[in-house]
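> structure for this input, please:
(one chain, ligands or ions: 1)
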Amino acid sequence: MRIDVITIFPGYLAPLREALLGRAISAGLVDLAVHDLRTWTRDVHQAVDDAPYGGGPGMVMRPQVWGEALDAVLALDERPARIVVPTPAGRPFTQATAQAWSGDERLLFTCGRYEGIDQRVVDDARRRDLTVDEVSIGDYVLVGGEVAVLVMVEAVVRLLPGVLGNPASAEQDSFSDGLLEGPAFTRPEVWRGLAVPDVLRSGNHAKIARWRRDRALERTAERRPDLLAALPEDALDDADRAF
Ligand SMILES: Nc1ccccc1-c1cnco1
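Just a heads-up that it's a prediction; the model follows:
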């Protein structure tokens, strides 16, 4: 997978070259290119934004600069790209989104400021039959899209074959079965007077699986009843319902 990111803060994307993602890049599983949007400015001040038509607070990012940047970056590789625009006004980015995007050949992320990028940039891309997804990572206000890109790239890249040491952990993620993961424990058996639940040391894999499922159902019901309500009809078996 090729990933391009266009931003006025290239340094913000440095963490993508650390740890797991850094290893995925070194292993050739991901090609990452970060581009400074100001490369495509033409004025001495390298202006990337301007006051909003219609008035109001803040600044809007200029279409000319973004248009030229997108054209130039798209032309760097002939693979078709999904253009991703992080925005608080976007559709929710979920694990299902990450799963879907993990099959893409190329992702191109555009990091805009809070007040946004001139809408005509998206409109122009879409009328050229480019895939453009405007997505939000949650209902809170960030200053720009860079942090959202870090979140989305990590969620997608960890799903690529060969990135995770143990692929099973991706299958047993929270959300992969629609439920939150329950509590996890490791050594020592007793820590500050708190013991690991006996069942987890019983060696009885059926009982352990049941206990874990019950804890996941309990936590999901308590913290995310919306996820429980969204489960498909056949997702819960009789033992689950008895819980
Ligand atoms: N708040 C923001 C400001 C700028 C670009 C993206 C966002 C965003 C994305 N998901 C939630 O917020």
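
> what's the closest non-adjacent residue to the residue most central in space within the chain?
Nearest to the mean C-alpha position of the chain, by CA atoms, centre = their mean, lies Met152 at 2.0 Å. Take Met152 and drop its neighbours on the chain: the residue closest to it by CB to CB, 6 or more residues apart in numbering is Phe93, 5.9 Å away. All C-beta atoms are positioned from the backbone trio N, CA, C, and that covers glycine.

> what comes up buried for stretch 37-48?
The neighbour-count criterion (16 or more other CB atoms under 10 Å) identifies Leu37, Trp40, Thr41, Val48 as the buried residues of stretch 37-48.

> can you list contacts of that stretch?
Surrounding stretch 37-48, the residues in contact under the criterion CB atoms under 8 Å, 6 or more residues apart in numbering are Ile6, Thr7, Ile8, Met61, Arg62, Gln64, Val65, Trp66, Glu68, Ala69, Ala72, Cys111.

> just the buried members of those residues?
Ile6, Thr7, Ile8, Met61, Arg62, Val65, Trp66, Ala69, Cys111.

> got these as TSV, with pLDDT and distance to the ligand columns?
Listed next are the buried ones among the contacts of stretch 37-48 as TSV, based on pLDDT from 0 to 100; distance: CB to the nearest ligand atom, whole Å:
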residue	pLDDT	distance to the ligand
Ile6	98	13
Thr7	98	11
Ile8	97	12
Met61	98	10
Arg62	97	16
Val65	97	17
Trp66	98	14
Ala69	98	16
Cys111	98	7
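
> between those residues, which is nearest Arg127?
Trp66 (15.0 Å; CB to CB).

> that closest one and Gly112, how far apart?
8 Å (CB to CB, to the nearest Å).

> ditto for Asp240
For Asp240, the distance to Gly112 equals 43 Å [CB to CB].

> so those two - more neighbours on which side?
Neighbour totals were compared for Asp240 and Gly112, and Gly112 leads with 26 against 15 (other CB atoms under 10 Å).

> what about the strand ranked longest in the chain, near the ligand?
Taking residue count as the measure and DSSP state E as the definition, the longest strand of the chain comes out as strand 82-92. Yes: under the criterion of CB under 6 Å from any ligand atom, the ligand is reached by strand 82-92 at Pro86, Thr87, Pro88.

> who does that strand pair up with?
Each strand that strand 82-92 pairs with, and the sense of that pairing, follows from DSSP bridges: strand 106-110 (parallel), strand 131-136 (parallel).

> what's the first helix or strand after that strand?
With elements assigned by DSSP states H and E, the helix or strand that comes after strand 82-92 is helix 95-101.

> follow-up on the earlier one: so for the ligand, which of the strands paired with strand 82-92 sits nearest?
Put simply, out of the strands paired with strand 82-92 the one that sits nearest the ligand is strand 131-136, at 3.8 Å, with distance taken as CB to the nearest ligand atom.

> where do the helices sit along the chain?
Per DSSP state H, the chain has helices spanning 19-26, 63-74, 95-101, 119-127, 146-157, 167-171, 205-223, 225-230, 238-242. These are given in chain order.

> any idea how far apart the tips of stretch 36-49 sit?
Start to finish, the residues bounding stretch 36-49 are 14 Å apart (CA to CA, to the nearest Å).

> how far does that stretch sit from the chain's center?
Per CA atoms, centre = their mean, to the nearest Å, the displacement of stretch 36-49 from the mean C-alpha position of its chain is 28 Å.

> residue farthest from the centroid of this protein?
For the chain, the largest distance from the centre (CA atoms, centre = their mean) belongs to Gly193, which lies 38.2 Å off.

> how about the closest residue to Ile83 other than its chain neighbours, what does it touch?
By the measure of CB to CB, 6+ apart, the closest residue to Ile83 outside its immediate chain neighbours is Val132, 4.5 Å from it. The neighbourhood of Val132, defined by CB under 8 Å, 6+ apart, consists of Ile83, Val84, Val85, Val122, Ala125, Arg126.
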